[in-house]
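Trainee: have a look at this prediction, sequence included:
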Amino acid sequence: MKKIIATDMDGTFLREDHQFNRERFRKILNQFHEKGYLFAAASGRSLLSLQDVFQGFEDEMAFIAENGSFVSYKGDVIFEDQPIDPQVYMDIVHRLEEGPYGSSAFVVLSGRNAAYLLTSAEQSYVDMISQFYLKTTLVSDFSEVTEDIVKIVATFPDGKLEAGQEWLNERFDSVTAVTTGFESVDIILSDSHKAVGLYHLCEHFGVDAENVVAFGDNQNDLEMLDFAGTSLATSNAKPEVKKVADTVIGHCNDEAVLTYMEELLHEY
């Protein structure tokens, strides 16, 4: 493997309708194979969700799921990070419920096999979450969850996202809340991020960081962009993401990542 091309999904590779040009991508992927390039989807989404998005391509690419907590290639798990201690996530849930911003009814616990929400969650919220998780399970209390949890999603009321994120990060040392492009934050272990997953993928294939091209748009992409030899941000990216990227490309709605990958094929 000569190069790894890793891209965030929502707000970067995917358009705002959460779709992509499959015919165009097929042509690119075929040429990547010929050149020894590996395409990797690097997302806060679950592994099952990513495999569903790339149905038909899933055996020809790699997946860096749950913000780097899972790395998979051709059905094999290359890396799996430590889960969040149940005492930690239950403490977060309780303090969100008691705090000034969030509510446990707008919290998701994400495991490898399912996403867990409370039965008290509004149906509209369950429906929204179900767009990004293939399997959702309702529980009366999060203490009923027995699966290892690798990520917590906390959604805040309109206009409360930044304040809620700051409130969380001030109170918990072992986890970090990062924005992902929605009215929510992903709460992950403080030493867990997409660059960790990308590092293990590179190690598996013997690829140096300088031969990694990475695309992103939000806070959960910062470490990955810093890790990659070539980093790019979409024009719709957050200012702090554009600041760390080597180059700012077009908007996600204009399929800017696909365009850059086509140009990349012509450069070498």
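Mentor: Everything's here; your move.
Trainee: and for H33, the neighbour number?
Mentor: H33 sits with 13 neighbouring residues when counted by other C-beta atoms under 10 Å. C-beta coordinates here come from the backbone N, C-alpha and C atoms, glycine included.
Trainee: ok, now the one 5 residues further on?
Mentor: Here the count is done by other C-beta under 10 Å, and L38 has 22 residues near it.
Trainee: how near is it to S49?
Mentor: 20 Å (C-beta to C-beta, to the nearest Å).
Trainee: then G164?
Mentor: In terms of C-beta to C-beta, G164 sits 24 Å off from S49.
Trainee: would you map the strands across the stretch 101-250 of the chain?
Mentor: 107-111, 115-118, 136-139, 149-155, 175-179, 184-189, 212-216, 230-233, 247-248 (DSSP state E, counting those that start in this stretch).
Trainee: just those strands: most buried one?
Mentor: Neighbour counts (mean count of other C-beta atoms under 10 Å) averaged over each of the strands of the stretch 101-250 of the chain peak at strand 212-216, with a mean of 27.
Trainee: can you list the neighbours in contact with it?
Mentor: With contacts defined as C-beta atoms under 8 Å, 6 or more residues apart in numbering, strand 212-216 is touched by 3-8, 12-13, 42, 198, 202, 221-222, 224-225, 227-234, 237, 241, 245, 249, 257, 260, 264.
Trainee: tell me the domain boundaries of this protein?
Mentor: Listed by automatic domain parsing, the domain ranges of the chain are 3-81+192-267, 86-189.
Trainee: could you identify which of those domains is most buried?
Mentor: domain 3-81+192-267 (a mean of 19).
Trainee: distance across that one, terminal residue to terminal residue?
Mentor: One end of domain 3-81+192-267 to the other measures 13 Å (C-alpha to C-alpha, to the nearest Å).
Trainee: identify the residues contacting W167.
Mentor: G99, P100, Y101.
Trainee: quick check: closest non-adjacent residue to R171.
Mentor: For R171, ignoring the flanking residues on the chain, the nearest one in space by C-beta to C-beta, 6 or more residues apart in numbering is R95 at 6.6 Å.
Trainee: for that neighbour, helix, strand, or coil?
Mentor: Here R95 takes the helix state, with states given by DSSP: H, G, I helix; E, B strand; the rest coil.
Trainee: mind jotting down where the helices sit in the protein?
Mentor: 22-35, 47-53, 86-98, 123-130, 161-171, 194-205, 222-227, 239-244, 256-267 (DSSP state H).
Trainee: so which of these is nearest E183?
Mentor: helix 161-171 (5.7 Å; C-beta to C-beta).
Trainee: bridged to T136, which residues?
Mentor: For T136, the beta-bridge partners are A115 (DSSP bridges).
Trainee: that one contacts M128, doesn't it?
Mentor: No: with contact defined as C-beta atoms under 8 Å, T136 does not reach M128; the gap is 10.5 Å.
Trainee: joint contacts of those two?
Mentor: Between them, T136 and M128 share no contacting residue, judged by C-beta under 8 Å, 6+ apart.
Trainee: state the distance from the nearest residue to R45 once chain neighbours are set aside to T180.
Mentor: Leaving out its chain neighbours, the residue that sits closest to R45 by C-beta to C-beta, 6+ apart is F132, at 5.7 Å. When distance is defined by C-beta to C-beta, F132 is 10 Å away from T180.
Trainee: cool, D141 as well?
Mentor: Shown here: D141 relative to T180, a distance of 26 Å by C-beta to C-beta.
Trainee: could I get stretch 138-153 in CSV with only the CA atoms?
Mentor: Extracted in CSV, the C-alpha atoms of stretch 138-153 (Å, rounded to 0.1, in the frame of the first residue of the first chain):
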residue,chain,number,x,y,z
LEU,A,138,-34.5,1.7,23.9
VAL,A,139,-33.9,1.1,27.6
SER,A,140,-35.7,2.5,30.7
ASP,A,141,-32.4,3.3,32.3
PHE,A,142,-28.8,3.4,30.9
SER,A,143,-27.7,1.1,33.7
GLU,A,144,-29.4,-1.7,31.8
VAL,A,145,-26.8,-1.5,29.0
THR,A,146,-24.4,-4.4,29.2
GLU,A,147,-22.4,-3.8,26.0
ASP,A,148,-19.1,-1.9,26.0
ILE,A,149,-19.7,1.8,25.2
VAL,A,150,-17.1,3.7,23.2
LYS,A,151,-18.9,7.0,22.7
ILE,A,152,-21.6,9.2,24.2
VAL,A,153,-23.7,11.6,22.1
